[in-house]
Structure formats: structure tokens, C-alpha cells
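> Sequence and predicted model, in that order:
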Protein chains: 2
Amino acid sequence: MTKRPPLTPIVAALPSFVPFVGPESMTRERGRPFRARIGANESSFGPSPKVIATMQREAADQWMYCDPDNYDLKAALAAHLNVPIGCVVVGEGIDGLLNLAVRMHVGEGTAVVTSLGAYPTFNFHVAAAGGRLVTVPFHKDKEDLEGLLDAVKREKARIVYLSNPDNPMGTWWEAGEVLRFADALPQDTLFILDEAYGETGPSSAQPPVDVSRPNMLLMRTFSKAYGLAGIRCGYAVGEPSLIQDFEKIRNHYGTSRMAQVAGAAALQDRDWLTGVVAKVAAGRERLAEIARANGLTPIPSGTNFVTMDCGGDGAFALKVLQHLISRDVFIRKPMAPGLDRCIRVSVGLDRELDVFAEELPGALAAARGN
Amino acid sequence: MTKRPPLTPIVAALPSFVPFVGPESMTRERGRPFRARIGANESSFGPSPKVIATMQREAADQWMYCDPDNYDLKAALAAHLNVPIGCVVVGEGIDGLLNLAVRMHVGEGTAVVTSLGAYPTFNFHVAAAGGRLVTVPFHKDKEDLEGLLDAVKREKARIVYLSNPDNPMGTWWEAGEVLRFADALPQDTLFILDEAYGETGPSSAQPPVDVSRPNMLLMRTFSKAYGLAGIRCGYAVGEPSLIQDFEKIRNHYGTSRMAQVAGAAALQDRDWLTGVVAKVAAGRERLAEIARANGLTPIPSGTNFVTMDCGGDGAFALKVLQHLISRDVFIRKPMAPGLDRCIRVSVGLDRELDVFAEELPGALAAARGN
């Protein structure tokens, strides 16, 4: 019997599974494709045709390593955000950047605060670093700023995570509230503000980009409104010395060359973005109508999805979800206590929302009948 | 004065810079492009035209997240390698997988053994994990298997890293020697065998893929012979429980959708690979001839580059390199004592090797004249 090289104690204690089951594996298990892919908050409207053309042109150049400085993309982002280039770091999606920010600041037992039921991948990275996750329940379907602040102070947390607009409820805080929260934080607590859904939210919810705060990191992505989830590209914006410290541990050749050119091209096509944002707003309206027509309560959303209160408990909402999946409609649902009464449906193409509208009544009936 | 959230002690002690300067940043500084890009061991021959066509077709689908299981690519790799799918993990290049393997096994002060002057990105990840790097000098321009083994035992190392064929010298050990080394290792030392250059090396240097050893990880990449460095895709092969443990910390959505389809398509086109390998072999011959014609000694290479002994010291070889760069020829050189007498030149297109042949005599004369 051969011995295994032992894992570190922190890693050995972690579970070994894919925390976010993808629609592809569900398709493999089910043996047939989904009719509506409206569960992962992707943009069914796709990337801009100009971005597609750019990727097609660049395909033959993929024999070259990416620029490890991500210079061209960072320069485009810096111009777009009106900040110095040294205030921007690019990574393999917000996921990759969260991993780095956590590894930079979290050791064994370090307290980290987030909302109960918020982004699980952040929690996954905190666990991998040996951090101690402290969760604060949502309050009236919004992240509880006061509760988060209390937890930060009580636990002397090194990081606090907030998504705005948030996932999985889709709600948001106005910019003034977010800034009041930032101001009230201890200076040695890092505030990670995840604006993955910023483009589709009300502009009043976005604080002005401020790179003077050494304890705040703003994160955004090309995965949502820009329609480039598959390309893995996100960015963090912050005070230059904080951004510079990412160089200490980031995978310098981690962002693909394709992501670099696609991201820069996506930033250029403002018309496409404006069009997608309008389609997302219309899709949210339509999803809210479908919900109401079926006796569900749509939660107001600033994202590219609508979370719907099914009016029962978590078990009931789970049955609704399972029936929809059995009818080839891929959606997801919040799982945390208090939020789990809901299902979460991404804005999709009209024909995908048609399928959802068609299947929801049967799913509700089936859930009630069980 | 606002306080910064403190970094972990391990991260705080790390330097903050891009360890591998890319040709793009050199181009920006120089203000003009290179005439020959033969420094990063990329494949100037590019990816297969079939792979390019696949990427072009897939561009419009990049709005979808990647399959977090990397299932299709892993299935293709498993079939190609004739191992169960559970023996394969896919990541953002070998770089990304080295990071994970290190984080899984290395904590503060853990000893890790590698060769002095071997792959710096591995060392970078060991430092980020707080590991203690123990280096063993090359012996006669080859990684010193006996010396590595002694160091592993003396230091009770958790990981030992070997590239075969190696970078930066291009030399290799025959499969039997590699297996003898593996057999002699303590069972709780993880052996990482980096075969990034495996496809261009002699087949006699590749041990049969063996997934029964719980202390061995084989790593390969699409960055070299497959011509897909920009797409960031590598894989590790090993015993299933070791592979399964990557799930504990890997970035499940880290490999781009484009990388997944490009990698699978690249595996299919064996003719293209065969053609590239032949071109690489011919290019090595030509580089060796150019070296000899200029009084340099080419080191026998199993890779897509040729390392050339300039016959002087490190300072002399550095001058040769600097002069070549000033003449728009991008190459690199080993920096470790004993290896630093050399320059390292990647196989490129004929016209790139023409430029090198044209510029080398002047570079040598300039270096001698200084």
C-alpha cells in the first residue's frame, strides 16, 4: 500500500466536489439538452458582433502567450474608468480575483464577513485559505449593511464582501448607502464590492469609482452584460499599492490572449452594451409579469435575473425548480434559509422566456400536488 | 493617513513584480516590434487550421460559462492517454496546475526541491505558499537526478519538480532513468513531472502514462507543440484520489470555454502535430548549425528551442542577448550560475531563423568588442 503525499491540514479538511453544478453536466445526466438556458445569469444576447469578429480574427494568433501585464486591456479599462492604469488588475474572472484577494489577506482562522447565501465561490476561496467565514442573513431580501458592519467590528474581520446589485436576490443599495458603509468600516478591513451586475443595475447604485481608499476593491466582469462569461475575464479597481500587491501572487500568464482582445473590443462597443441593458430591463419586466400571472412575487431586480418568491417554504420552491428542470428549463434557486422560498430565473431570449411562461404553471401545480 | 488592510506575513514578504517580462512590454519600451519572436518557446507554426476554424465557430458561444467539469476535454484527453477520465484534471496552463499542486501540499516552511535555474513560475508558486525552496544545480547541463533525490531525502521534501525534456537547457533523461528516480523517491514526496516539451522530445524519454502512483503528477500543455499558448490550457494526469483533490481548491470556472473546445480540437488533428514536430526538429538542426557556424556550442535539445553555449561567462552571454534584442531579435537566456553562459533560442519560422542567423555574428562581435 503506497502512502499519499499528505495535503496541508487546511486543504485536507475541505470537501472535494464541484460546488456549482453546470448545465452541461445536468445535460449529460439528463441525456437531452435544455430548451431554455436561463439559470446561470449568462447573457443569452451574446457578445457584440464586433467582439465576435475580433475573436475570429485573433484565433490564428493564439500561438503567442498573452501579455503578462495585460497592458492593452488595462489601458482600455483605465481610460474607460478614468483612473490611472496602476489602479487596475485583470484576472480570470471575478472568481480568479476573489481567490487572489483572499489569499493575499486571509490566513488560518482569519475572520471574513459575507451575507448568508451570497456568492458561494467567494466562500470557497475563503475556506481554501483557512479563513473563518462569518455570515450575516439578508434582511428583507437585501444584504444587511448594518448587520455586516456589526459583524466586521465584532469579529475584527479582515475582509467584508458585498455584491451590489446582489446575487441571488437581485436587490441593491443606492450608492450613498454603500459609501456610508465603506466609510464606517475599520481601515484595516478590506471591502470587496462586487459589481458583476453593475451594468444592468440603476446607475444610482454605483458609487463613483474612487481609487483613494486603500481598503476597497471594486470588482467587475465581462461575464454578464458584455456576454463573455466563457472567456473568463474580470478586473479589480483600487488604490495603486493594493493593486500592485496582486503581482506578488497572481498567475501572470493566467488571462488568455483571447480574453485580453475580447475584453478590450467589448469595452469599445457601447451601443451593444446599451442595447443589451435595455433588453435585460425588458426581460426583467416580462419575467416579473410571468411571476405575477402565476401568483408569485417577483423581487425587484437590478441584475440580469429575477428572483421570485414562490410563496411557500424552501421545499416547495425546490419542487418548482425540479419540475422546471424535468421540463428542460434550466434555472437555479437560492438555498440559504429565508431566501430559499424563491427561484431565480435569468433573463433570456424571448423564446426562452416563452418556454418558462409555458412551463411555470405546470411546475407550480406539480409542486402543490406533491 | 489611512491604514492598509495587512497582507498575510507570507505574502507581505514576497516581491511585487512581473517575474517573466513578456515581449509585448519590451516592444512597448523599445517603441518598435521584434523581427523575430523566438524567445518564449511558443510555436510560430501556430495551431492547426482546424483548431483555428473551431475557435472561430465557437466565438459567438462565449456568452456561456465553461463547463466547470471540463468534461468533453477531459474525456478526449482520457481517450488519448488511455486512462480513466478521473485521472485527468484540466487547468489554466501548467502554471495554474502547478499553483494548485503547490497549494495543496505546501505550507509555511515546507521543503520543495527543484533544479537551480529550472522553471521560475514553479518557484514563484512555492514562495507564495510559504514553502522553502531547495535547489540542486544542473550537472553537465542536465537536471541532476541523483542530486535531486539526495536533496529530497535530506530535506524531507514534500514536492520535487522535474521537467523532461527540461527548460532552459533542452536536455532530457530517458524514460527508464525517470522511472528509476520515481521509484527511489519517498512515498510521501510528490513527484511533479513536467512534460511541457514532451511532444517534441524523443519518445524514449516519455515513461508510459502510469496512474497507479499516488505520488506522481504528470503535467502537459497545449501551449507548446499544439501552438495554443495564448489560450491557457494544460492538464495533469495521475492517480484518481490525487486528481480528485484538485476539486478542493481549483477555480472550477477557470478554464475558458474557448480553451476547452480548442484543446479538444487540437487533440484530434494528429497530422498537424506530426508536421509541427517535424518542423521543430528541422528548426533545431538549423539553429544548431547557425550556432556552430558562429563558434557556439549548441546543447542537444528535445524541446522547441536550442540553448547555445556562448563559450564565455554569464556577462558575455548577456551582452550577446542584449545586442540581439537591440537588433529586434527576441530571445531569452538562462540566468542560473553555470547555465548563464548560454543563450536560448526558440525554433521559429524560416524567416525568423534567417534574421537570427543574420544578426548573431554582429551580436557576438559586439559582445567581444565591449
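Great, that's in hand.
> so residue A:69, which of the three states?
coil (DSSP: H, G, I helix; E, B strand; the rest coil).
> Excluding chain neighbours, give the residue nearest to it in space.
residue B:25 (5.3 Å; C-beta to C-beta, 6 or more residues apart in numbering or on different chains). Every residue, glycine included, has its C-beta placed from N, CA and C.
> Strands of the stretch 101-250 of chain A, start to end?
A:111-115, A:132-136, A:159-163, A:190-194, A:216-221, A:234-238 (DSSP state E, counting those that start in this stretch).
> pLDDT on the host helix or strand of the residue nearest to residue A:69, on average?
Using DSSP states H and E, residue B:25 maps to helix B:23-30. The average pLDDT for helix B:23-30 rounds to 94.
> again, but for stretch A:83-91
For stretch A:83-91, the per-residue pLDDT averages 98.
> That one spans what distance, first to last residue?
18 Å (C-alpha to C-alpha, to the nearest Å).
> same thing with stretch A:43-56?
By C-alpha to C-alpha, one end of stretch A:43-56 lies 20 Å from the other end.
> now it, how far from the chain's geometric center?
Its chain's C-alpha centre and that of stretch A:43-56 lie 20 Å apart, by C-alpha atoms, centre = their mean, to the nearest Å.
> right, is that stretch up against chain B?
Yes: contact of stretch A:43-56 with chain B (C-beta under 8 Å from any C-beta of the partner chain) involves A:43, A:44, A:45, A:46, A:47, A:52, A:55, A:56.
> who wins for neighbours among these?
Comparing these on neighbour count, residue A:47 comes out first with 28 neighbours (neighbours: other C-beta atoms under 10 Å in any protein chain shown).
> domain parsing for chain A?
A:20-46+A:271-369, A:49-268 (automatic domain parsing).
> Now do the shortest one: distance from first to last residue.
Here the two ends of domain A:20-46+A:271-369 are set 29 Å apart, with distance taken as C-alpha to C-alpha.
> still on that earlier bit, could you list every helix and strand that the helix holding residue B:25 packs against?
When contacts are defined as 3 or more C-beta pairs under 8 Å, 6 or more residues apart in numbering or on different chains; DSSP states H and E, helix B:23-30 packs onto helix A:71-81.
> buried set for the helix it packs on?
A:71, A:73, A:74, A:76, A:77, A:78, A:81 (16 or more other C-beta atoms under 10 Å in any protein chain shown).
> Now do the helix or strand following the helix holding residue B:25, average pLDDT.
Per DSSP H and E, the first helix or strand lying C-terminal to helix B:23-30 is strand B:36-37. For strand B:36-37, mean pLDDT is 98.
> what does strand B:36-37 contact?
For strand B:36-37, the surrounding residues in contact (C-beta atoms under 8 Å, 6 or more residues apart in numbering or on different chains) are A:64, B:23, B:44, B:328, B:329, B:330, B:348, B:351, B:352, B:353, B:355, B:356.
> Please identify the deepest-packed of the domains of chain A.
domain A:49-268 (a mean of 21; mean count of other C-beta atoms under 10 Å in any protein chain shown).
> what about that one, distance to the chain center?
For domain A:49-268 - counting by C-alpha atoms, centre = their mean - the centre lies 9 Å from the chain centre.
> Identify, from the contacts of strand B:36-37, the entry nearest to residue A:119.
Distance to residue A:119, by C-beta to C-beta, is smallest for residue A:64 among these, at 33.4 Å.
> That closest one in helix, strand or coil?
coil.
> Just to be sure, residue A:52 is in a strand?
No: Residue A:52 is assigned helix when assessed by three-state DSSP, not a strand.
> ok, back up a step: what sits up against the helix holding residue B:25?
Under C-beta under 8 Å, 6+ apart, the answer for helix B:23-30 is A:67-69, A:71, B:18, B:33-34, B:37, B:39-40, B:325, B:328, B:330.
> What angle do helix A:71-81 and it make with each other?
For helix B:23-30 against helix A:71-81, the angle by axes from the mean of the first three to the mean of the last three C-alpha atoms, to 10 degrees is 70 degrees.
> one step back: I'd like the residues of stretch A:43-56 next to chain B laid out as TSV, including pLDDT, distance to residue B:174 and secondary structure.
Output for these, formatted as TSV (pLDDT from 0 to 100; distance: C-beta to C-beta, whole Å; DSSP: H, G, I helix; E, B strand; the rest coil):
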residue	pLDDT	distance to residue B:174	secondary structure
A:43	98	52	coil
A:44	97	54	coil
A:45	98	55	coil
A:46	98	51	coil
A:47	98	48	coil
A:52	98	48	helix
A:55	98	42	helix
A:56	98	44	helix
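> State the pair within these that is farthest apart.
Farthest pair in the residues of stretch A:43-56 next to chain B, by C-beta to C-beta: A:44 and A:56, 20.3 Å.
> avg pLDDT for stretch A:336-347?
Stretch A:336-347 comes out at a mean pLDDT of 98.
> re earlier: mind checking which of the contacts of strand B:36-37 land in helices?
Of the contacts of strand B:36-37, the ones assigned to helices by DSSP state H are B:23, B:351, B:352, B:353, B:355, B:356.
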